Each structure stands twice: as structure tokens, then as C-alpha cells.
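> What follows is a predicted structure for the sequence shown.
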Amino acid sequence: MLSLTDMLQVVAQTFRDVLPIAAILIAFQVGVLRRQPANPKQILIGFAYVLVGLSLFLVGLEQAIFPLGKTMAAQLTAPSFLATGSDEVSAVAGSGAYVWLYAFSFAVGFSTTMAEPSLIAVALKARELTAGAIGDLGLRIAVALGVAIGITLGVYRIIAGIPLQYFILTGYVVVIVQTFFAPKQIVPLAYDSGGVTTSTITVPLVAGLGLGLAESIPDRNPLIDGFGLIAFASLFPMITVMGYAQASEWRAAHDRSNRSLETTDLASHQEDPP
Amino acid sequence: MSWLKAFVRLVSSSARDLVFIVVVIAFFQLVVLRQPFPNLGGVLLGLLFSLLGLALFVRGLDLGLFPLGESMAEAFALKGSLGWLLTFAFALGFGTTAAEPALIVIAQEASNVAAQAGAIGDSDSSRTTYALGLRFTVALAVGVAIVVGVWRILTGWPIHLMIASGYMIIVVLTIFAPQEIIGIAYDAGGITTSTITVPLVTALGVGLASSIEGRNPVSDGFGLIAFASLTPIIFVMVYGMLI
């Protein structure tokens, strides 16, 4: 239930999170730059909006939605739910007992990433800078799909007990190879989208999922197997965002060669033919 | 009435952002686990809060964080003092990460698990030391990352070569690092950047790339966060090897 003390606690925590940032900004603004930013009043109002908005957002999620999500992660990874039909929890990753768990992982990855405030911020900036050539919604869907695939694969890894580094290092190779083929402009943005995906909402939920699973399945060590989901969630968006850029570029080239005038692809206007 | 229209548009786009979470939670609660919603009124109220909060946050970004980050980047570029710019970059990365709530949670979790596994002593003090060490290692890594990222924007070095070299270092370290630290280290890369740091750092990078001649805001301005998610992996593995 939303109690006043809980709310105040979250608000206080948000302020504590912002305080060091504000201190650093003010120290450098006053001590080093000695130059007032244009429109300081508007910036202060904006800061207040961010603070109040983030507090409200977190109060809402933490008090109402998170407990549900965490209970679900616990229930879906509990031995009693996983061991349907048999006495023991299966360590066979392809086992039917895990279908709902995979579905849940995918859905949680996708839905929490779509609501991630820092991703919204970066996507808005990308749209503004490219004058709409990189759409904010398209970018966010690409990132959300990446997180969803990443977390699902990460859950599969925990169940199957395959060492984390095999997946991650293979992922790095894919990222490097893709870099050579992706449109140059998108590369830094794609690299960034790995890091922005997992902050406020996703981390607590996903960490709970991994540790709960590693405890439920026999022969899994929480320390070795329980971590790693966030690593998957920050790797796969790079792959999907570069893939998204490659796909829209390819589609645009395809459209041009077909000389179809009725379908104009917004996502690739920046790459005009020479 | 234009502000009202703008407000409605803002709230409706936040509703679009949150609809997926609602659908997922409702589906799994009602269809898969077959349990009724506990405290439905509280859940709905919480959703309303999140909706308003997200709308305010996005508006606040445009009014406050983005202009501030860009004006500071521009001011640093005008001032032309490399030392102060890099100091600022380090302070921003270190200061915000040390206080990051998600990192605090994960560091505690990691120290509990490490104590249970016998990697460190099972006492409160050794757990606290381990968690604190982990946090400062990650904060240091992010500070260094933002410095390296800013340096890249200034020099125009190709980002993919730098990131690829980072991957090489990770590959080599993975071979030598103790098995218990690898999961935590790989995860540390993703949890470093908070909801307020990301917009600010993005605005800093973009502002810097816009104020320096010959730099493109899109292809040079982004990329700071990429470094911030790479260096913690390296630093935490080294931490695990030293401890």
C-alpha cells in the first residue's frame, strides 16, 4: 500500500541520488566556469520537474508494481512451480517447465526497457540531432528487443549452466563484425544503447530473477550463475540497434532501386545517394 | 489552453511507455499464475503516479538537464582548459556512480553471495568492506571512462577501435580472473549509469561535439556511455584478482 512514510523515503532517496550531481555541477559552474548558463530560472524549473517526476515515477513503480514483479519472479523460479509433473527441478534448459519463465523474461525485458527514463532521454536526443532520421520509437523498440532477447538467453544460460563468458565474448565478436557493416553514424549511438538500458527499473527486477533461479536449480552456484543477466541486457541492444540501422539502410536502398515513390522510409533519409 | 494540450500529449506518450509493463504484469498474474491482484486500488494509484512522474521527467529534461549539460560543454570548450574539462568529466563519472542506488543494491547482494561462497570472510565488517570496495572500483572506472570518452570527442579517435581494444582486454582478463568475480564484473558494466547521469552525460557529449569544429554531434557526441559500461568490467575483474 502507498503509505506516506514509504513515499517520503523514496523522495528522500531520489534527492540523495541527485545531490552529488547537483554539487558537482554547481561547484564547476561557480568555481571554474564562472559563467551563468543562459536562462538559469528555466533550468532550475526543469531540475525541479526532473526531481519531482522521477520521485513520483519511482514511488508509483516501487510501491505498486515492483512488489508484484518480484513476487512473480520468485514464484516462477520457485521449485514448486518449476517441478510440475516431477519431483525435481529439471536442469534441462529445453524442458517444458521453463516455457513460462522464458516468456516472462522476454516480456519483462521488453516492457521495462520501453519505460526506461534514461533510454527515453537518449532516444529524444537522437531524434532531435538527426532531425527525425533516427526515430525515437524505432530506436527504443530496437533496444527493448535487444534487452528482451538478452535476458531470455541469459536465463537459458543459467538453467543450462554454460559459462557466462562464452556468450558474452561471442557477442563481442558479433558487435565488432557488425561495426564494419553498420552505417558509421549509428555506431556510437548503438554502443551507448547498451549502457542506458539497465538502470532504475530493470536492474532490481532482473537481478532478482537471476539469483532466484540460480538458487532453485540444483547444482547452480548463485555467485557464478546468478549474475550475468544485466551483462546480457547491455550487450544485445548494441547488436539489435546496429541491426535496425542496417535493416533500414538496406530497405531504403531497396526502395530506391525499385523506384517506388509511395513508400518513403523515414529511418534512412540521412543516407541520401551521392 | 496550449499548455493543457501539451500536458495531455505528454501524459499520453507516457501512458504508451508504461502500457507494456501493465500488460505483462496483468497477463502473468491472471493467466499464468492464476492469482487475483492483491490490493488493486494501490496498484492503480501507483500506475497513475508513474504516469505523471514520467511525463514530468521528460518535460524537465528538455527544460533543465539538456540545456544545462550543453551550456556547460560549450562553456568548457570556450574556456579551452583541457585540465578542467577532464577534471569535470572525472568528477561527474565518479561522483554520480558512487551514489548510484542500483549499484549499492548489487554490491550488497554480491558481498552476501561472496560471503556465503566463502570467497571473503562471513562477517559484517568484511562484507561491508567488500561492497564498499566494489562500489569505489566501479565509480573509479566510470570516472576514467568519461575522461577517455571526452578525450575521444576532442581528438576524434575512432570509437570502434577503442571499444574493440577494450573487449580484447576483457577477453584476456577473463582468462586470469577468478571465476566468482566474472558474473559480477560483467554485470557491473550495465548498472553504472543512473537516470540523471545518462541525460547529463549525453548532453555533455553532444554539446562538446557541437562546439568543436569538425566534430559531428551524432557520430562524435554519443559514445560516452559506451565507455562507462566497458571500463567497470575491466576494473572489477582486476579488483577480483587483487582481493
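That came in fine, so what should we check first? Numbers count the residues shown, from 1 in each chain, chains lettered A, B, ... in the order given.
> Contact partners for the spatially most central residue of chain A?
Against the mean C-alpha coordinate of chain A, by Cα atoms, centre = their mean, the closest residue is residue A:197 at 2.6 Å. If a contact means Cβ atoms under 8 Å, 6 or more residues apart in numbering or on different chains, then residue A:197 has A:113, A:116, A:119, A:143, A:146-147, A:233-234, A:237, B:190 as its contacts. Where C-beta positions appear, they are placed from N, C-alpha and C, glycine not excepted.
> Quick check: buried residues in the longest helix anywhere in chain A?
With secondary structure taken from DSSP state H, chain A has its longest helix at helix A:229-258. Buried residues in helix A:229-258, defined by neighbour count with 16 or more other Cβ atoms under 10 Å in any protein chain shown: A:229-245, A:248-249, A:252, A:255.
> Okay, and residue 126 sits in which element?
With no chain named, the answer covers chain A. helix A:117-129 (DSSP states H and E).
> I was thinking of chain B, sorry if that wasn't clear
Counting by DSSP H and E, residue B:126 is part of helix B:124-155.
> Buried residues of that helix, list them for me.
By 16+ other Cβ under 10 Å, the buried positions in helix B:124-155 come out as B:127, B:130-131, B:133-154.
> Phi first, then psi, for the residue sitting nearest the centre point of chain B.
Taking Cα atoms, centre = their mean, the centroid of chain B lies closest to residue B:193, which sits 1.2 Å from it. When read as degrees, to the nearest 10, the backbone of residue B:193 gives phi -110, psi 120.
> For chain A, see how far away it is.
For residue B:193, the distance to chain A equals 5 Å [Cβ to the nearest Cβ, to the nearest Å].
> Just the CA atoms of the lowest-mean-pLDDT helix or strand in chain A, as CSV, please.
One helix or strand of chain A scores below all others by mean pLDDT, DSSP states H and E: helix A:79-82, with a mean of 71. What follows is helix A:79-82, C-alpha atoms only, in CSV (Å, rounded to 0.1, in the frame of the first residue of the first chain):
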residue,chain,number,x,y,z
PRO,A,79,11.0,-25.2,-7.2
SER,A,80,7.3,-25.9,-6.7
PHE,A,81,6.4,-24.1,-9.9
LEU,A,82,9.3,-25.5,-11.9
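> Could you measure from residue A:81 over to chain B?
Distance from residue A:81 to chain B, by Cβ to the nearest Cβ: 8 Å.
> Please verify my assumption that that residue contacts residue A:72.
No - in this structure, residue A:81 is not within contact of residue A:72 by Cβ atoms under 8 Å, at 10.2 Å.
> Could you check which of those two is surrounded by more residues?
Taking residue A:81 and residue A:72 together and counting by other Cβ atoms under 10 Å in any protein chain shown, residue A:72 has the greater number of neighbours (22 against 17).
> Could you name the specific helix or strand carrying that one?
Going by DSSP H and E, residue A:72 is part of helix A:66-77.
> Can that helix be said to contact chain B?
Yes - Helix A:66-77 is in contact with chain B by Cβ under 8 Å from any Cβ of the partner chain, via A:68-69, A:72, A:75-76.
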